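Asker: just the structure for this:
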Amino acid sequence: MNPLYHQAKFINSSPHLKDTPADYGKEVAFAGRSNAGKSSAINTLTRQHGLARISKTPGRTQMLNFFEINAEQRFVDLPGYGYAKVPVAVKLKWHELMETYLTKRKSLCAIILVMDVRHPLTEFDWQMVEWCQHTQLPLHILLTKADKLTYGAAKNTLLQVQKELKDINFPLTIQLFSALKKTGIDEVHHALDHLFKGTEQSIIMLRN
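Answerer: Sure thing, here's the model as predicted:
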């Protein structure tokens, strides 16, 4: 476990790229469906219960939320995708914001893609995987809510996702994670250490 991530602090919410913090250092962005447990994962990794807002209403994260770890490193909580209960105009606005950030932000060094272990690799997830492959941006996948399945079922899902991603040829790692049971934290911290340093791990890394 790396205590460095426990000192993360909220610094900015940005509805437009022009309102974001200065584009220097390195950022790891958290992406995923609006109900996949993205905010819970950030809170668990930082040991701060209310750092990232959690809502029972999917799609609450409507802006780019920045969290400073130190002067050179940040987390970014991206708007959740797959939000069904918001107007089309809002969906388009969020999509444009995410696309602009992903293509223009120079300090973006990696993506943490959060998926509900019970519903992995949705159409939106595949779009993110393919975008990372196209740009060769390192990607670490969290199969969250692993506590909702038996260990055997969760492990089988992990193996199935690995199989579906077997032809991926860019830096990609994957693991099981549970914010409720606090499992997988060390593995995420280890992955983050590599992502911020820019050092590659194995193309597919299985984590229990």
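
Asker: only C-alpha atoms for contact and neighbour calcs from this point on.
Answerer: Fine.

Asker: residue 68 against residue 74, yeah?
Answerer: Yes - counting by C-alpha atoms under 8 Å, residue 68 touches residue 74, with 4.5 Å between them.

Asker: would you mark the buried spots in the lengthiest helix in the chain?
Answerer: In the chain, assigned by DSSP state H, the helix with the most residues is helix 88-104. By neighbour count with 16 or more other C-alpha atoms under 10 Å, helix 88-104 contains the buried residues 91, 94, 97, 98, 101, 102.

Asker: point out where the protein drops to low pLDDT.
Answerer: 54-61, 82-87, 91, 199-208 (pLDDT under 70).

Asker: do a quick rundown of the strands in it.
Answerer: Applying DSSP state E to the chain gives strands spanning 9-14, 26-32, 64-70, 73-77, 108-116, 139-144, 172-176.

Asker: out of those strands, which is the most enclosed?
Answerer: Greatest average neighbour count among those goes to strand 139-144 (a mean of 26), per mean count of other C-alpha atoms under 10 Å.

Asker: hmm, who's touching it?
Answerer: Applying C-alpha atoms under 8 Å, 6 or more residues apart in numbering, the external contacts of strand 139-144 come out as 36-37, 41, 110-117, 120, 129, 132, 158, 171-179, 191.

Asker: for residue 116, name its beta-bridge partners.
Answerer: Beta-bridge partners recorded for residue 116 (DSSP bridges): residue 144.
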